[in-house]
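> Any chance you can model this:
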Amino acid sequence: MPPGLRQAPRASLVQLRSLEAVVRLGGVVRAAQSLHLAQPTVSTQLKELSAALGLVLFEQRGRGLVPTAIGQRLAEAVRAMGAIWQEFEDDAAALQGLKRGRLRIAAVTTTEYFLPDLLGPFARQYPGIQIELAVENRAAVVARLERGDDELAAMMRPPDHLPLTRWPFLENPLVVIAPSDHPLARRRRLKLSDLVAEPLLTRESGSGTRATAEEAFARNSVSWEPRMALGSNEAIKHAVRAGLGLAVLSRHALASNPASEGLTILPVTGFPLRGRWHLVWRHDRALSLPARTFVDDLRNRLRVRARPDAP
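Below is the predicted model:
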């Protein structure tokens with residue numbers, strides 16, 4: 001009999017889940033928020049787990065906790081167990097004809113303007129499938145792909161260091177926006193060089209939109225340094241509307257009539273920048289049945305073919 005079946009485990013699944021979340025998210029507070037638990041509850045679970053195993057799993061560093069080498073190893077084991085359990089759930093879902101299962105997707109923030117509409121038909125067709133959608137900035141989505149937290153990710157600029165299949169499934173035009181009453185809004189045609197006297201508002205460093213815009217500035221030999229970086233598209237729109245500056249933003253983040261938001265799209269030569277949204281997944285790991293079904297369903301609806309990375 002395998003050793004793991006000779007005796008009951010000394011750790012509960014709840015304790016192990018808390019430990020993995022603390023290691024992954026970098027602290028008890030974030031782990032508690034992610035697990036929808038009180039912070040003292042998570043702290044108690046960590047202490048009980050350490051006592052049950054007779055191991056020091058975390059060390060106090062400043063005001064936070066840092067996993068020891070064995071604590072990190074246990075978190076990796078928990079993730080491995082989670083992957084095995086996911087395989088079991090996938091097999092069970094296959095036997096039940098997708099009556100049950102889970103679809104895990106990470107997406108950068110701008111996709112929140114259209115991704116729910118793409119998920120809707122799938123959710124209605126397979127009501128028993130639990131959909132977990134994590135909306136984060138690009139750096140967080142890349143980190144989730146590295147850890148294997150999600151099977152699919154929607155983003156504009158997939159990372160090059162991971163073995164990914166990329167499916168460019170939707171156009172992502174980037175435009176320059178200004179307040180509706182801005183003097184430049186009265187111009188019929190503008191060059192990038194006409195804008196550099198205005199403050200530039202951008203997303204955080206690492207954002208796909210920001211990187212694409214900066215590449216366009218460089219191609220046109222235009223130096224336009226950001227005055228302010230903001231963490232969301234809505235914050236940028238509010239700041240532009242308040243007259244704090246201009247911004248390059250995805251057209252998807254704007255209303256069909258930008259004037260209804262107090263904004264206007266400036267007629268800048270070379271814009272819109274033609275980007276693409278990609279759905280990506282790691283081709284070194286097998287997709288679950290719900291993930292494969294969602295990709296096939298979306299491909300059939302959008303009629304766009306996936307493109308694996310070149311070897």
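
> okay, CA-based contacts and neighbour counts for the rest of this
Fine.

> Quick check: nearest residue in space to residue 12, chain neighbours excluded?
Distances taken as Cα to Cα, 6 or more residues apart in numbering put residue 49 closest to residue 12, at 7.9 Å, once the chain neighbours are dropped.

> what sits against the one you found?
Residue 49 sits next to 11-12, 15-16 when contact means Cα atoms under 8 Å, 6 or more residues apart in numbering.

> Show me what the longest helix seen in the chain is packed against.
The longest helix of the chain (DSSP state H) is helix 69-95. When contacts are defined as 3 or more Cα pairs under 8 Å, 6 or more residues apart in numbering; DSSP states H and E, helix 69-95 sits against helix 13-25, strand 101-108, helix 289-302.

> Would you mind telling me which of the ones you listed is nearest residue 278?
Proximity to residue 278 (Cα to Cα) singles out strand 101-108 among the helices and strands packed on helix 69-95, at 10.0 Å.

> Can you check what angle separates whichever helix or strand comes after the closest one from strand 101-108?
For strand 101-108, the following helix or strand on the C-terminal side (DSSP states H and E) is helix 115-125. Counting by axes from the mean of the first three to the mean of the last three Cα atoms, to 10 degrees, helix 115-125 lies at 170 degrees to strand 101-108.

> Which strands border the helix or strand following helix 115-125, and is each parallel or antiparallel?
Later in the chain than helix 115-125, the nearest helix or strand by DSSP H and E is strand 129-136. Sheet pairing for strand 129-136, assigned by DSSP bridges, gives strand 101-108 (parallel).

> chain center to the strand it pairs with: distance?
9 Å (Cα atoms, centre = their mean, to the nearest Å).

> Residue 210 should be in a helix, yeah?
Yes: applying DSSP: H, G, I helix; E, B strand; the rest coil, one finds residue 210 inside a helix.

> before we move on, back to that, please tell me how far the residue nearest to residue 12 sits from residue 109.
Between residue 49 and residue 109 the computed distance is 36 Å (Cα to Cα, to the nearest Å).

> do residue 252 as well
In this view, residue 252 and residue 109 are 11 Å apart by Cα to Cα.

> So for these two, which sits in the more crowded spot?
Neighbour totals were compared for residue 252 and residue 109, and residue 109 leads with 20 against 17 (other Cα atoms under 10 Å).

> Residue ranges in the chain under the pLDDT threshold?
Residue ranges of the chain with pLDDT under 70: 1-9, 90, 92-98, 304-311.

> Domain ranges for it, per the record?
Using automatic domain parsing, the domain ranges for the chain come out as 3-76, 84-169+276-308, 172-275.
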